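>>> mind folding the following:
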Amino acid sequence: MLGGSWVGLLVAPLRVGVGVHPSNTDWMAVVDAWIAPHIARHLVVLALEYGVPILAAGVLAWFMRFRSSLSGAAQLQTLTAVYGLAALLLFRHLGYDFVFLVFPLFLDIRYRQQLAARWVLFGTMYFWFVEKFGDELHLNLKDWLLPFHFLLLVSMLGALFRIQHRVPAALDSAPVSAARIDFILQTTPTAQASMAPRTTVQEPPAATRRRSSPP
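Numbers count the residues shown, from 1 in each chain. You can find the predicted model right below:
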C-alpha cells in the first residue's frame, strides 16, 4: 500500500533523525546533551540513542496490545493517544510534530472530569502555546528546559495510562453489551417509568353490567 520494502519502511522513521537539529523534549535529545559527552565509545551512544527507544516502543506496543483492558472505540482512541505521545517522547522530531498531541487532546476532552486528563491538557497547551511563545521571543533556553520538557512528556504518558485504567471497559466497548443495557435502563427516567409495575382494573362481566344498569 505504501510502496517499497517493509525493511525500508521500518528503518525510515529512524533515518529522519539524521541531519535534523536536536529537539529539546525527547530521549534522543537527552542522550545528545547529557549522556554522549561523558561516553567515549560511539557504539554505546548509538545503542542508548536508538536501541533504548526501539526497545521501549516494542514493550509499549506489546503492553497495549495484550495487557490493555479496553476494547472497541475506547481502545482505538487510547492507542492513538499513547502512540502519538510516545513518539514525541522517544524519538527525535521537529516542532510541527507536536500536532500528534491532538490525539491525547481528544481523550482529555472526553474524560475531562479526571485529574489525569486535565494534566495532559495542561501539557498539550504548554507545548502548543507557551513553548512557542518562548521561541518567538528568541529565548535560548532549550538546554535548560530539556529535563523539564522530557519529564513533562513522561508524566503526560503516565497520565494517559491513568486515564485508561479508570475508564470502565464494559461501558466503552463498541458492541452493545448486557452491562451497557442494564446501565441505560437504570439511569434513564423514561426506562425506569416503563419498567415500573402497573395496576390494571378488571371490568365486571357483561351480565353484572346489565343487572346494575337502570331500566
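>>> and the strands in the chain?
Using DSSP state E, the chain contains no strands.
>>> tell me where the longest helix sits in this structure.
helix 142-165 (DSSP state H).
>>> elements contacting it?
Applying 3 or more Cβ pairs under 8 Å, 6 or more residues apart in numbering; DSSP states H and E, one finds that helix 142-165 makes contact with helix 27-30, helix 72-90, helix 102-110, helix 115-125. To be clear about C-beta, it is placed using only N, CA and C from the backbone, and glycine gets the same treatment.
>>> switch to 10 Å and redo it
helix 27-30, helix 52-66, helix 72-90, helix 102-110, helix 115-125, helix 131-136 (3 or more Cβ pairs under 10 Å, 6 or more residues apart in numbering; DSSP states H and E).
>>> out of those helices, which gets nearest to P37?
Closest to P37 of the helices and strands packed on helix 142-165 is helix 27-30 (Cβ to Cβ; 11.9 Å).
>>> state the mean pLDDT of that closest one.
Here helix 27-30 scores 89 as its mean pLDDT.
>>> buried residues of that helix, list them for me.
For helix 27-30, the neighbour count (16 or more other Cβ atoms under 10 Å) marks W27, M28, A29, V30 as buried.
>>> for the first one, which non-adjacent residue is closest in space?
Spatially, and ignoring its direct neighbours in sequence, W27 is nearest to L90 (5.2 Å; Cβ to Cβ, 6 or more residues apart in numbering).
>>> could you do the second one as well?
Computed as Cβ to Cβ, 6+ apart, the closest residue to M28 that is not its neighbour in sequence is R92, at 4.3 Å.
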